[in-house]
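Student: Quick one, fold the following:
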Amino acid sequence: MNIKPLSDRVLIEPVSKEDKTESGIILPDTADKERPEQGKVVAIGPGKKGKDGKAAPMSVKKGDVVLFTKYGPNEIKVNNKEYLIAKEEDILAILE
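Tutor: Purely as a prediction, here's the structure:
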């Protein structure tokens, strides 16, 4: 299935970093964790339309690794894989 976001929405694949305590113990994915705040952009919409009817260009592109607000994006599951759909305004920065 191919997902194409609408308007100024961005499809993000969350990147879960490996959590390690100060003593070197690696916490498994099953541990109670916070929602991720980083992800890789998988697809973008055409951009939000202005009053003139033209879509404004998106500031992110496919493949960018982004930092986003913790509770802004909506979680979806497609083919047993988890994704997030966020508005462009929920993306705080592009990580380089």
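
Student: low-confidence ranges in the protein?
Tutor: 1, 16-22, 24-36 (pLDDT under 70).

Student: ok, Ile94 - contacts?
Tutor: 59-60, 64-67 (C-beta atoms under 8 Å, 6 or more residues apart in numbering). The C-beta positions use only the backbone N, C-alpha and C, and glycine is treated the same way.

Student: Can you check those and name whichever has the most neighbours?
Tutor: Among these, the one with the most neighbours (other C-beta atoms under 10 Å) is Val66, at 21 neighbours.

Student: Leaving out sequence neighbours, find the closest residue to Ala86.
Tutor: Nearest non-adjacent residue to Ala86, counting by C-beta to C-beta, 6 or more residues apart in numbering: Pro73, 3.7 Å away.

Student: Surely that neighbour touches Glu82?
Tutor: No. In this structure Pro73 lies outside contact range of Glu82 using C-beta atoms under 8 Å: 11.0 Å.

Student: For this structure, just list every one of the strands.
Tutor: For the chain, strands defined by DSSP state E occupy the ranges 9-14, 19-20, 26-27, 38-44, 65-68, 74-78, 81-87, 91-95.

Student: picking that back up, between Pro73 and Glu82, who's got more neighbours?
Tutor: Set side by side, Pro73 and Glu82 show more neighbours around Pro73, with 24 against 12, by other C-beta under 10 Å.

Student: and stretch 44-60, how far apart are its ends?
Tutor: One end of stretch 44-60 to the other measures 8 Å (C-alpha to C-alpha, to the nearest Å).

Student: The residue in the chain sticking out farthest from the centre and Val60, how far apart?
Tutor: Computed with C-alpha atoms, centre = their mean, the maximum C-alpha offset from the centroid of the chain is found at Ser23, amounting to 30.5 Å. To Val60, Ser23 is 37 Å away according to C-beta to C-beta, to the nearest Å.

Student: got a list of contacts for stretch 55-63?
Tutor: With C-beta under 8 Å, 6+ apart as the test, stretch 55-63 has contacts from 8, 10, 40-50, 66, 88, 91, 94.
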